[in-house]
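In: below is the sequence, then the predicted model.
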Amino acid sequence: MILTREQKVAMLATDNNLLFQAIKQRVVRDYHEIIKGLPDDMLAGMINHGIGKARSFGLTHPFDIAGFVYIMFEVGPEFYRHPKIQPILTSTTIPADSKMSIMMEQTPPSAWQQSIEVLDRQTWFPELREKAE
């Protein structure tokens, strides 16, 4: 049996474990230097946090959720807090299925660079930082 692209996307959209595994597979492949030495449960927590954060902004399409998580690994786990990015993701007037493409189109390179520059102050688990403060 051969599944169409649409069938695969539908499966990812309805099966959280399948979505998690697909994201993890790419993270392990593409971000191996970043995750080197991390315990598997910590990596799972990072990915699950990313999926949850993406969903908190209303993202539902598997590719948007995955893309959000990949940006967390690429740019920084709290990239979404940047003042040029956050208004797009939190907007109630931008349809959820357009937020990622609009974010990518409208975010200037300087905003991405600024996110990278404060990487040392970002965390995958901001709720832990908030409890400590």
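Out: Structure's in. What do you need?

In: so where's the longest helix in this protein?
Out: Secondary structure of the chain per DSSP state H: the longest helix is helix 40-56.

In: run through who's touching the helix or strand following that one.
Out: Heading C-terminal from helix 40-56, the first helix or strand you meet, by DSSP states H and E, is helix 62-74. Helix 62-74 is touched from outside by 9, 12-13, 19, 22-23, 26-27, 30-31, 34-35, 46-47, 50-51, 53-55, 57, 59, 79-80, 96-97, 99-100, 124, with contacts defined as C-beta atoms under 8 Å, 6 or more residues apart in numbering. All C-beta spots, glycine's among them, are computed from the backbone N, C-alpha and C.

In: center of the protein - which residue?
Out: Residue closest to the mean C-alpha point of the chain, counted by C-alpha atoms, centre = their mean, is Val69 at 2.1 Å.

In: which pLDDT value goes with it?
Out: We note a pLDDT of 97 for Val69 in this prediction.

In: then Arg129?
Out: 64.

In: and Pro77, by the same measure?
Out: 94.

In: try the one 5 residues further on
Out: Confidence per residue is given as pLDDT, and for His82 that number is 96.

In: same check on the one 3 residues further on?
Out: The pLDDT attached to Ile85 in the predicted structure is 97.

In: hmm, it is touching Thr107, no?
Out: Yes. Ile85 is in contact with Thr107 according to C-beta atoms under 8 Å; the separation is 5.6 Å.

In: so Ala96 makes contact with Thr60?
Out: Yes. Counting by C-beta under 8 Å, Ala96 touches Thr60, with 5.9 Å between them.

In: in stretch 101-114, what's buried?
Out: Met103, Thr107, Ala111, Trp112, Gln114 (16 or more other C-beta atoms under 10 Å).
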